[in-house]
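Student: Turn this into a structure:
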Amino acid sequence: MLDEASVLILPQHRGFKRKTRHLLTQKAKPGLSRLMYDHEVGQKVVIDIDPTQPKGMPFRRYQGKVGTIIEVRPRSVLLEVPIGEKTKRIIARLEHVKRLKG
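Tutor: Down below sits the predicted model:
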């Protein structure tokens, strides 16, 4: 039987990827055409995080959100995403962004 002195209380870790076990699971690999698409300023895109690419990964709160491209950079894009009453600016690499259909 354990007494109170022998029970260890571990601290809660608050890392960047905590609570993402089901959010960042991937069923199929995205194709290369997703990376070869040319992005333009003013275009609407969906933030779709690719868990195999940790570089340039946006925070998990923005998974599935629709944003507008403000600036196109060589390897990434600058997005403006409305969250509630605010508008957030996010830098995301091209692997984590796909164009909005429709």
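
Student: Skipping its backbone neighbours, what lies nearest the spatially most central residue of the chain in space?
Tutor: Central residue of the chain (CA atoms, centre = their mean): Pro58, 3.6 Å from the mean position. In this structure, Pro58 finds its nearest non-sequential neighbour in Ala92, 4.8 Å apart by CB to CB, 6 or more residues apart in numbering. Every residue, glycine included, has its C-beta placed from N, CA and C.

Student: same question, Arg75
Tutor: Closest to Arg75 by CB to CB, 6+ apart is Arg93, at 5.9 Å.

Student: Could you give the number of residues near the one you found?
Tutor: By the criterion of other CB atoms under 10 Å, Arg93 has 17 neighbours.

Student: Over to Lys44?
Tutor: Applying other CB under 10 Å, we find 13 residues neighbouring Lys44.

Student: Would you quantify the distance from the closest residue to it other than its chain neighbours to Gly67?
Tutor: Setting aside the residues directly before and after it, Lys44 is nearest to Leu100 in space (CB to CB, 6+ apart), at 4.3 Å. Distance of Leu100 to Gly67, given as CB to CB, to the nearest Å: 9 Å.

Student: do the same with Gln53
Tutor: 18 Å.

Student: between these two, which one's more packed in?
Tutor: Neighbours were tallied for Gln53 and for Gly67 using other CB under 10 Å; the higher tally belongs to Gly67 (26 against 12).

Student: surely the more buried one meets Gln43?
Tutor: No: if you go by CB atoms under 8 Å, Gly67 and Gln43 don't touch, sitting 9.7 Å apart.

Student: quick one on the thing from earlier: right, and the residue nearest to Arg75 touches Leu79 too?
Tutor: No: with contact defined as CB under 8 Å, Arg93 does not reach Leu79; the gap is 11.2 Å.
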